[in-house]
Each structure stands twice: as structure tokens, then as C-alpha cells.
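S.K.: return a 3D structure for these sequence lines:
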Amino acid sequence: MTDFLIGIDAGGTKTRALAYRTDDFSPVPETETRTGAGNMTSDPAGATASVLEAASGCAKKAADVLGGSCRYVSLGAAGFSSLSARSTDEFGLGRGLASLSGGFCTCVSDATLSLHANFASGEPGMTVIAGTGSSAFLQLPSDAVIRAGGWGSVLGDAGSGWSAAREGIRRLLMDLDCGNKQKAEDFFTRWRAAHKSGPASDHPFPEACAVPDLIAFVMNRPKKDLSHLACGLVTLYEEGDPVCREILIGLSGTLPVVLTGGFFESNPSVRSLFRDVLTARVSLPVTWREEPADPTRAVLRHYREAKCGGRDPAAVLPL
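M.R.: Predicted coordinates:
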């Protein structure tokens with residue numbers, strides 16, 4: 001029998017739970033579980049349900065494979081803060097996670113989870129996340145963390161899939177309001193064709209290139225529906241579309257930097273463009289980590305730190 005750890009990455013669109021062995025910390029085969037959105041700010045009840053469903057499903061699979069039990073759970077959730085953490089108490093998030101691991105768990109934001117997965121304690125580094133939303137976290141040698149963004153769609157999320165699609169809609173609205181109907185319809189037609197032939201083709205697209213239809217699409221649908229439209233914009237950008245290039249450029253010691261999140265991971269050209277723009281704008285030398293660690297691997301660092309702190313004296317760590 002081998003015990004295991006569970007790392008959970010809960011984003012604005014999906015939640016992933018992955019189990020790791022405690023004997024060698026390699027990923028356990030066939031133990032990843034995926035559920036729905038896990039944003040603790042926009043929908044704490046739904047996010048809690050997604051997280052607990054993913055965690056319990058992953059734990060059951062891992063127990064079936066390894067025969068052991070869960071020793072630690074780490075959760076990184078979009079929108080997670082002390083305020084959202086308190087608001088989820090009534091939905092049983094903390095109790096549910098603790099019940100899987102005998103009380104040993106760590107809950108942080110999704111950006112911090114990625115930071116802890118990629119950088120050791122005392123190692124300076126930065127994680128930039130662009131998915132449905134966006135945020136950036138910088139870890140200092142003292143382990144203090146400086147945060148920028150992650151404030152939600154009203155106050156932030158610049159550079160995310162959602163903001164890219166919003167800027168595309170805004171471009172259409174401005175052209176229509178200025179009387180450039182043909183220009184707007186040409187861009188709308190190109191965007192719709194790219195969307196219908198792309199990876200997000202099963203997600204809705206605005207019915208018509210008209211001000212009421214475009215506004216209704218944005219205002220009356222969940223944020224993730226708008227973020228899916230970014231796929232078509234990226235396709236057009238890669239084909240050299242000048243309008244999409246303007247939209248994506250507008251978003252955007254030696255410090256190691258990790259780029260992660262669905263918008264970056266699914267679109268290498270956007271990741272490359274972000275690197276070029278950031279390198280041109282900052283004076284600090286930057287190195288890019290080409291293969292960032294899966295955010296769920298932060299549970300390994302949390303588990304080690306808990307062991308060193310004496311929180312789990314029965315834990316077994318590899319030499």
C-alpha cells in the first residue's frame with residue numbers, strides 16, 4: 001500500500017484534481033478527475049461543489065490503485081482570498097477537504113498554487129496566469145508574495161481570454177457606433193468563421209453583428225462563454241489579421257517567469273507575443289521556464305513544509 005497526496009487546481013472554467021504518490025512523488029496513473037468551474041468569488045457554492053467532487057473522485061481512484069490513504073490536500077482556486085474563504089465555510093469546503101486527509105490541507109489562490117509548484121521556498125520567481133481570468137504573483141527570497149491582478153472581470157483580468165474576447169466585441173461596437181457597418185460586418189464574419197472551425201466551435205457565438213445582439217451576448221451569459229470567443233481571435237492573429245494583432249498587443253538579477261493558464265497553454269502564439277511585449281517593457285533580466293510544473297504539484301512543497309513543521313509526524317518523505 002502507498003499513501004498519496006492530492007493537488008487541486010480550480011479555475012474559472014474547470015477544476016482538476018491529481019494524486020501523487022508519497023514514496024516517489026510521481027503522478028499516479030489514471031487518477032486525474034475533472035469537474036466544473038471553481039471560481040470562489042463568482043460562485044462560492046458551485047465552486048465548492050466542483051472542488052469537493054473532484055477531490056473525492058480523485059481520492060477514490062487513487063485509493064483503488066494504491067490501496068493507501070490521502071495524507072495531504074492542496075487547493076488553488078481562482079478568486080480565493082480570506083474573504084472568499086470565509087464565505088465558503090457555510091458550504092463545507094474546509095471540512096470536506098480536511099475529511100479526505102485527516103485535517104492536513106492548504107488553500108491558496110490558483111496563482112499561488114502555480115508559484116509553489118514551480119519555485120522552492122526562498123527561490124525568487126514569478127507566475128503569470130492567463131485563463132478565463134488573469135493575475136501575476138511574485139515570490140521574493142523571503143517567501144513574501146507580491147500580487148497584481150486577479151480582481152475579477154469588473155476590476156481586472158487584463159490579458160485573459162475573457163478580456164481578449166471583450167476587446168473584440170468592443171471593436172465591433174465602436175465600428176458600428178461610428179457608422180463603419182461594413183468594416184464591423186467584415187470583421188464579425190471573419191471572427192465567426194474562425195470560431196466555427198476552431199476548438200471552441202461547440203460554444204455559442206453572437207447571433208448578429210448588431211449593437212443589441214453583441215451587448216446582450218456579453219451581459220446575459222456567463223464569463224466563460226465570452227472567453228471561448230478568444231480562440232477565434234487567436235486563429236485570425238496567427239493568419240496575420242491586423243485587427244486581431246492590435247487587440248492582442250493591447251493586452252499585454254535574472255527573474256525566472258512561468259506562463260500558465262488555459263489561454264497561454266492553448267495558444268503558443270499568444271504566449272510568445274506576451275513574452276516579446278513584457279521583455280520590451282521591463283528592465284529586469286527575465287528567463288522563461290519552458291515547461292512549467294503542473295500547479296497541482298504544489299501539494300508536494302506543502303507536504304514537505306508541513307512535515308518539517310511537525311504537522312504530520314507519520315509522513316514518509318523520500319531521501
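S.K.: please enumerate the strands of the stretch 201-319 of the chain.
M.R.: In the stretch 201-319 of the chain, the segments counted as strands under DSSP state E, counting those that start in this stretch are 255-260, 286-288.
S.K.: residue boundaries of the helices in the stretch 151-300 of the chain?
M.R.: For the stretch 151-300 of the chain, the helices defined by DSSP state H, counting those that start in this stretch occupy 161-177, 181-196, 211-219, 223-227, 230-238, 242-249, 262-266, 268-281, 298-308.
S.K.: and the ones you listed: which comes nearest Ser121?
M.R.: Ser121 lies closest, by CB to CB, to one member of the helices of the stretch 151-300 of the chain: helix 298-308, at 6.9 Å. The C-beta positions use only the backbone N, C-alpha and C, and glycine is treated the same way.
S.K.: which residues sit against the closest one?
M.R.: With contacts defined as CB atoms under 8 Å, 6 or more residues apart in numbering, helix 298-308 is touched by 5-7, 20, 22, 25, 71-74, 76, 104, 106, 108, 112-117, 120-121, 312, 315, 317.
S.K.: what residues sit buried inside it?
M.R.: For helix 298-308, burial by neighbour count (16 or more other CB atoms under 10 Å) applies to 298-304, 306-307.
S.K.: gap between Phe205 and His228?
M.R.: 9 Å (CB to CB, to the nearest Å).
S.K.: between the two, which one's more packed in?
M.R.: Ranked by neighbour count (other CB atoms under 10 Å), Phe205 and His228 place His228 first, with 22 against 18.
S.K.: least confident of the strands of the stretch 201-319 of the chain, on average?
M.R.: Among those, strand 286-288 carries the lowest mean pLDDT, a mean of 68.
S.K.: first to last residue in stretch 106-115, what's the distance?
M.R.: End-to-end distance for stretch 106-115, by CA to CA, to the nearest Å: 14 Å.
S.K.: what is the mean pLDDT for it?
M.R.: The average of the pLDDT scores along stretch 106-115 is 82.
S.K.: how far does that stretch sit from the chain's center?
M.R.: Relative to the centre of its chain, stretch 106-115 is centred 10 Å away, using CA atoms, centre = their mean, to the nearest Å.
S.K.: now do Glu53: how many residues are near it, please.
M.R.: Glu53 has 17 neighbouring residues, counting by other CB under 10 Å.
S.K.: list the contacts for it?
M.R.: With CB under 8 Å, 6+ apart, Glu53 has these contacts: 15, 33, 35.
S.K.: which of the residues you listed has the most neighbours?
M.R.: Highest neighbour count within those: Thr15, with 26 neighbours (other CB under 10 Å).
S.K.: tell me what that residue is bridged to.
M.R.: Ala10, Thr35 (DSSP bridges).
S.K.: low-scoring stretches of the stretch 51-200 of the chain, by residue?
M.R.: 79, 81-89, 150, 152-156 (pLDDT under 70).
S.K.: hmm, try it at 80
M.R.: Counting by pLDDT under 80, the ranges of the stretch 51-200 of the chain that qualify are 78-90, 103, 109-111, 128-135, 147-161.
S.K.: quick revisit: in the buried residues of helix 298-308, find the pair that's most separated.
M.R.: Pairwise distances across the buried residues of helix 298-308 (CB to CB) peak at 14.9 Å, for the pair Ala298 and Lys307.
S.K.: relative to Leu273, how far out is the spatially closest residue to Ser197 that is not a sequence neighbour?
M.R.: Residue nearest to Ser197 in three dimensions, not counting chain neighbours: Thr235, with 7.8 Å by CB to CB, 6 or more residues apart in numbering. Going from Thr235 to Leu273 by CB to CB gives 14 Å.
S.K.: look at the two and report which has more neighbours.
M.R.: Counting neighbours by other CB under 10 Å for Thr235 and for Leu273 shows that Thr235 has the greater number, 22 against 18.
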